[in-house]
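**Q** Below: sequence and its predicted model.
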Amino acid sequence: MNTQPSESRKKRSARRAGEFPPPPEPLAVPVFDSHTHLDITVHEAGMPGGRAADPVEALITAAAKSGVDRLVQVGVDVASSRWGAELAARHPSVLATVALHPNEAPTLDDLDEALREIETLAAESRVRGLGETGLDTFRTGEAGRPAQERSFRAHIAIAKRYAKALVIHDRDAHQDVLRILDEEGAPDTVVLHCFSGDADFAAECVRRGYLLSFAGTVTFANAGDLRAAAVVTPPEQMLVETDAPYLTPVPYRGRPNASYLIPLTVRALAEVTGRDLDALCAAISANGERVFGSWR
């Protein structure tokens, strides 16, 4: 399968500099990565340890050695969504989500046709979510926001039709995300990918029954509000992710990220929240089965 991301996705993303970090101490209780981009990781950063006949398989194996035994491969456009669905169909430790990224939607000549293709993929058995969709007012200006919002509303409808999780990208758009979910009616399962709000916004999302997925950003020195948000998030509504190859946790910020580095983030979450690491891993793992279903 072609592992290269679309041109629009490549333009949005800076290449990762440097080598992959060394593997951390493995987790005793396995956990899963709720949001990764294996295709972009391979294209931009390669794989830990150098060349491999199958670099995607090498990344999955490296994750398993760290106690990260399952992955959710996330789509950002039609091509990556199709790639992820094909990978999940042949790999027992991978599930997929499919979507048009909110910064992708305004760039398309035919948004409706792309949405139809996403809906076709959503019907596949190992596609378990619609995402990452949502709103991003940081990278998309006023002119592109109507298309972005129309795409978000369409993804909500598809998630409800197929009874699959909605995985939301929310950048500088907290209240508008909630407004649209209220107007459309949220699906049964909503995940706030790479949660970026403060404790008040976290409490509102928790009250609504949404799941909050924390990335390596929770380890950043300037992320005090995010750590406060983690404290008010119950274990049964918490997920952990890489968003690889981005958002590598401290002390390796700026180097390529991959699923095998999840232990750094989940250990930081355990420390910040005062929870037992093994118990937190068990809770997050159970959440994964509840949100995405069984990997087997």
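**A** Received, thanks. In this text, all values refer to a predicted model and were calculated from it rather than measured experimentally.
**Q** Find the residue closest to residue 48 in space, skipping its chain neighbours.
**A** In space, residue 48 comes closest to residue 20 once its chain neighbours are excluded; the distance is 4.2 Å by Cβ to Cβ, 6 or more residues apart in numbering. C-beta: built from backbone N, CA, C; applies to glycine.
**Q** cool, residue 234 as well?
**A** Distance criterion Cβ to Cβ, 6+ apart; nearest residue to residue 234, sequence neighbours excluded, is residue 206 at 6.6 Å.
**Q** I'd say the one you found and residue 232 touch.
**A** Yes. Here residue 206 lies in contact with residue 232, judged by Cβ atoms under 8 Å, at a distance of 6.8 Å.
**Q** wait, what's in contact with residue 28?
**A** Neighbour list for residue 28: 67, 277-278, 281 [criterion: Cβ atoms under 8 Å, 6 or more residues apart in numbering].
**Q** which residues touch the residue nearest to residue 48?
**A** Residue 20 makes contact with 45-49, 255-256, 258, according to Cβ under 8 Å, 6+ apart.
**Q** which stretches of the stretch 1-150 of the chain form helices?
**A** According to DSSP state H, counting those that start in this stretch, the stretch 1-150 of the chain carries its helices in the segments 7-12, 38-45, 55-65, 78-90, 111-122, 145-161.
**Q** Pull out the buried positions in the third one.
**A** Translated: helix 55-65. Taking 16 or more other Cβ atoms under 10 Å as the neighbour-count basis, helix 55-65 is seen to contain the buried residues 55-56, 58-60, 62-64.
**Q** Quick one: list the elements packing against it.
**A** If you count contacts as 3 or more Cβ pairs under 8 Å, 6 or more residues apart in numbering; DSSP states H and E, helix 55-65 packs onto helix 38-45, strand 68-74.
**Q** and if we set it to 10 Å?
**A** Packed against helix 55-65 by the contact rule (3 or more Cβ pairs under 10 Å, 6 or more residues apart in numbering; DSSP states H and E) you find strand 31-36, helix 38-45, strand 68-74, helix 78-90.
**Q** just to revisit the earlier point, pick the most buried one from the helices of the stretch 1-150 of the chain.
**A** Highest mean neighbour count of these: helix 38-45, a mean of 23 (counted as mean count of other Cβ atoms under 10 Å).
**Q** Any idea how far that helix is from the middle of the chain?
**A** Once both centres are worked out by Cα atoms, centre = their mean, to the nearest Å, helix 38-45 turns out to sit 15 Å from its chain's centre.
**Q** Then stretch 109-129?
**A** 17 Å.
**Q** so how far does that stretch reach from one end to the other?
**A** Its start and end residues considered, stretch 109-129 measures 25 Å (Cα to Cα, to the nearest Å).
**Q** try stretch 257-265
**A** 11 Å.
**Q** try stretch 214-228
**A** When the termini of stretch 214-228 are compared using Cα to Cα, they are 12 Å apart.
**Q** what stretches of the chain score poorly on pLDDT?
**A** For the chain, the stretches flagged by pLDDT under 70 are 1-17, 49-52.
**Q** Quick check, central residue of it?
**A** In the chain, the residue lying closest to the centroid (Cα atoms, centre = their mean) is residue 35, at 2.7 Å.
**Q** Hmm, that residue is touching residue 132, no?
**A** Yes. Residue 35 sits in contact with residue 132 when judged by Cβ atoms under 10 Å, with a separation of 7.4 Å.
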